[in-house]
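> Predicted model and sequence below, questions to follow.
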Amino acid sequence: MARIFIIDADPAFCESLGAIVAGLGHQAEHTQSLTAALASPSLRNADILFLNTALPDGSGLEALPKLRTLPARPEVIMTTDAASADGAERAIRNGAWDYVAKQGAVDRMVLPLIRALDYRGRKPVKRGEVRLKRDSIIGGSPGLARCLDIVSEAAASDASTLLYGETGVGKEVFARAIHDNSQRNTGPFVAVDCASLSRTLAGSTLFGHRKGAFTGADKDRDGLVAQAHKGTLFLDEIGELPLAMQKIFLRVLQEHRFRPVGGRAEITSDFRLICATNRNLEEMVSRGTFRSDLLFRMRTVVMHIPPLRERIDDLPELANHYIRRICGKYGMPAKSISTDLHAALREYQWPGNVRELIHTLERAVLAAQDETKLFSRHLPDHVRISIARAAANTQQTEDAPAALRPASGDVPAQADSKPVHAPLPPDAPLIPGTSDTPDTFTPPLRPGAFCSISESAEPTDLRDDLTLLPPATPTAGASAQTPTHQKSATPVRSLPSTPYSEIEDKPQSRQPLRPFFEYRDKAFLSYLIELMDQSNGDIATACTISELSRSYLYDLLKKYGIATPQRKCR
Ligand SMILES: Nc1ncnc2c1ncn2[C@@H]1O[C@H](COP(=O)(O)OP(=O)(O)OP(=O)(O)O)[C@@H](O)[C@H]1O
């Protein structure tokens, strides 16, 4: 009797399907949410899982990789109320048994269930942990675990295997893992970069040549295909193999026989083929730039290696591993990683994947020199700028609806407008936290000066306006960052150029810090109030003092809820 677990928000569906399962002589249990499923002990032993794509507490598609790694390694049948081609592809890529549109009919589930039960009956129910030699593969994310599953499946046979993945994602590492875990592990692993095969010499490089076959062929030479005899031939960047060579290679793949350049006799090579590419071979086939018959031959087993940004759970382990190695390489004592660096690593998109991570960490380690802890400050500028730009763009997107709101007059409607600023003590600091009594922030405002048009001293959105921030220009005695008038076309947060450890005159006080945006906005507010006070409410004078443009100053005054002279409190 098999154990079937159904996770679906629709109780009627669960019950009907449960009845069908019971009718087939199996045991069914169901929950209406992921949380409830994960809390249920029977989930661990489920043979088959019906998992809906849209659950009240999360996406079934996102949960799929993790659920596939449950101890009993269940077959997962994804069910959906809104089928889509992308959803189907994602489900299958992540190891789903099937992807079935519900369309209001529970009996659509029966056929995939019977097939999965049949398959389940043939394979050991509990495979347990995959025992793999995987020394060079770091990480434990669900995406990586799925790849390791495929490594063990591929290693168990001689089937031609095709690895898809972006540059630097680890295609060669996985190809080697397949070889190392296969029967051929005592034979050679021969890697060929098809992108660097010269057109004229491709034939001789792959198949070898006989003495005198061409100028410079002064002796017989084996090609790479012959060298892979009894081992694995890894063709990297297979999408770059010229069409003429694809045709020759197809025959080699079918017969494992070929003729060296200038040779008469054919020779045989017993190799196992693994190919890798970062190109879309199916699309190349449809454009006529890749042979479909070769593609069919190559892809008996297919693995899609997810980019690093889609398995950021692997980052800490990868970073620790490589930092240890890099420190060892340079004879440096071990360095630890600050939480700030961990966060930065997670935010970066890693277009060059693990290879880029390794180079980046190496540069960070070298930049940190004798420091024992690595901070985001040690990352190369292009990485930090990319992170900052992404953050600014996100901010801009978040801010967009407010910015697009139609202006309904200059003064936002307030239920109870009133002045909110306490009178300014003569020696009140402009920057909060620099006084002896920093607990509450008191904007400097003298009685009779300007009053706020908003009820709260807080700007409407404390995180607002990051994109309006040009690089900081410290103003003596004023806020830490003084806005200038240019609205940056490509908003970039200014980046300090001095490592924190080297900054002299660090504040000695250790008062709890406010969140950055709150602190910044209060400093802005403070500056603006003082500015309007010192200029006696005269906008032209305020513009001269602050070097802000009139329109930008108006924007800031409006944003920070400070009445302009025309709107002075009566
Ligand atoms: N999971 C991993 N654990 C540890 N190191 C990894 C992992 N994946 C990749 N690497 C390392 O990242 C670097 C790039 O890996 P690899 O050469 O296998 O990538 P690739 O996808 O074949 O790149 P390309 O597309 O450029 O051929 C190597 O130094 C490799 O050791």
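Structure's in. What do you need? Given the structure is predicted, the values throughout are model-derived calculations rather than measurements.
> and the residue of the chain found nearest the ligand, how many residues sit next to it?
The chain approaches the ligand most closely through Gly170 (2.7 Å), counting by C-beta to the nearest ligand atom. Backbone N, C-alpha and C define where each C-beta goes, glycine included. Residues near Gly170, counting by other C-beta atoms under 10 Å, number 25.
> Could you double-check that it sits in contact with Asn353?
Yes - assessed by C-beta atoms under 8 Å, Gly170 is found in contact with Asn353 at 7.3 Å.
> OK, contacts around the residue of the chain closest to the ligand?
When contacts are counted by C-beta atoms under 8 Å, 6 or more residues apart in numbering, Gly170 is found next to Ile137, Ile305, Asn353, Val354.
> can you put those residues in a markdown table and add pLDDT, distance to Ser157 and neighbour count?
Compiled in a markdown table, these are given as follows (pLDDT from 0 to 100; distance: C-beta to C-beta, whole Å; neighbours: other C-beta atoms under 10 Å):
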| residue | pLDDT | distance to Ser157 | neighbour count |
| --- | --- | --- | --- |
| Ile137 | 95 | 20 | 19 |
| Ile305 | 96 | 19 | 25 |
| Asn353 | 96 | 28 | 23 |
| Val354 | 97 | 27 | 22 |
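> Could you dump these into CSV and include secondary structure?
Formatted as CSV, those follow (DSSP: H, G, I helix; E, B strand; the rest coil):
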residue, secondary structure
Ile137, coil
Ile305, coil
Asn353, helix
Val354, helix
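> Report the two of those residues separated the most.
Comparing all pairs in those by C-beta to C-beta, the longest separation belongs to Ile137 and Asn353, at 13.5 Å.
> CSV for the contacts of Gly170, including distance to Phe174?
Listed next are the contacts of Gly170 as CSV, based on distance: C-beta to C-beta, whole Å:
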residue, distance to Phe174
Ile137, 7
Ile305, 6
Asn353, 12
Val354, 11
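> ok, so of those residues, who is nearest His26?
Checking the contacts of Gly170 against His26 with C-beta to C-beta, the nearest one is Ile305 at 35.3 Å.
> Distance-wise, check the closest one relative to Leu379.
Distance, Ile305 to Leu379, using C-beta to C-beta, to the nearest Å: 25 Å.
> so after the helix or strand of the chain with the lowest mean pLDDT, what's the next helix or strand?
Lowest by mean pLDDT, DSSP states H and E among the helices and strands of the chain is helix 381-404, with a mean of 75. Counting by DSSP states H and E, the element after helix 381-404 in chain order, helix or strand, is helix 516-534.
> what comes up buried for that following helix?
517-533 (16 or more other C-beta atoms under 10 Å).
> Near the ligand, which residues of the chain are found?
Contact residues (C-beta under 6 Å from any ligand atom) of the chain with the ligand: 136-139, 165, 167-173, 236, 278, 318, 354-355, 358.
> mind redoing it with 5 Å?
Within the chain, the positions near the ligand by C-beta under 5 Å from any ligand atom are Ile137, Ile138, Gly139, Thr167, Gly168, Val169, Gly170, Lys171, Glu172, Val173, Val354, Arg355.
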